[in-house]
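Trainee: No sequence on hand, only this structure:
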């Protein structure tokens, strides 16, 4: 069983029908070459964003290594051969590593 919609009006409207008035056609824009000044400004902005991302990557990687070095420096073995680790620098290394990975992923 199928349903069919039957109407007396045409499916495409007439461009000069008196009910709707004359229809206007959308204007097409001609393809002109882009303005060099706007392209230069866009490139300058993109370079600034890339520079900030690169600085974020470098700082994240450097500080992650610094925090791992601090964690190693503050870790020690006691008389019973138990390793005592300072977890706070390892947390800092993890956070800085995530900052590095974030800046790598959005570049």
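Mentor: Received the coordinates, thanks. Note that this is a predicted model, so its numbers are computed, not measured.

Trainee: all helices for the protein, in order.
Mentor: 36-74, 87-106 (DSSP state H).

Trainee: what's the last one in contact with?
Mentor: Helix 87-106 is touched from outside by 53-54, 56-57, 59-61, 63-65, 67-68, 70-71, 74, with contacts defined as Cβ atoms under 8 Å, 6 or more residues apart in numbering. For glycine as for every other residue, the C-beta is placed from the backbone atoms N, C-alpha and C.

Trainee: Specify the angle between it and helix 36-74 in degrees.
Mentor: Per axes from the mean of the first three to the mean of the last three Cα atoms, to 10 degrees, the angle that helix 87-106 makes with helix 36-74 is 160 degrees.

Trainee: Please identify which of the helices of the chain is closest to residue 81.
Mentor: Proximity to residue 81 (Cβ to Cβ) singles out helix 36-74 among the helices of the chain, at 17.5 Å.

Trainee: how far does that closest one sit from the chain's center?
Mentor: Here helix 36-74 is found 15 Å from its chain centre; the criterion is Cα atoms, centre = their mean, to the nearest Å.

Trainee: list the helices and strands it packs on?
Mentor: Here helix 36-74 touches helix 87-106, going by 3 or more Cβ pairs under 8 Å, 6 or more residues apart in numbering; DSSP states H and E.

Trainee: measure residue 104 to residue 36 for me?
Mentor: Distance of residue 104 to residue 36, computed by Cβ to Cβ, to the nearest Å: 32 Å.

Trainee: go on, residue 107?
Mentor: Distance from residue 107 to residue 36, by Cβ to Cβ: 26 Å.

Trainee: ok, the two, which is more surrounded?
Mentor: residue 107 (11 against 8; other Cβ atoms under 10 Å).

Trainee: Identify the residues contacting the more buried one.
Mentor: 50, 53-54, 57 are the contacts of residue 107 under Cβ under 8 Å, 6+ apart.

Trainee: Turn those residues into JSON lines, columns for neighbour count, pLDDT and distance to residue 96.
Mentor: Shown next, in JSON lines, are the contacts of residue 107 (neighbours: other Cβ atoms under 10 Å; pLDDT from 0 to 100; distance: Cβ to Cβ, whole Å):
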{"residue": "50", "neighbour count": "11", "pLDDT": "92", "distance to residue 96": "20"}
{"residue": "53", "neighbour count": "16", "pLDDT": "93", "distance to residue 96": "15"}
{"residue": "54", "neighbour count": "13", "pLDDT": "94", "distance to residue 96": "16"}
{"residue": "57", "neighbour count": "18", "pLDDT": "95", "distance to residue 96": "11"}
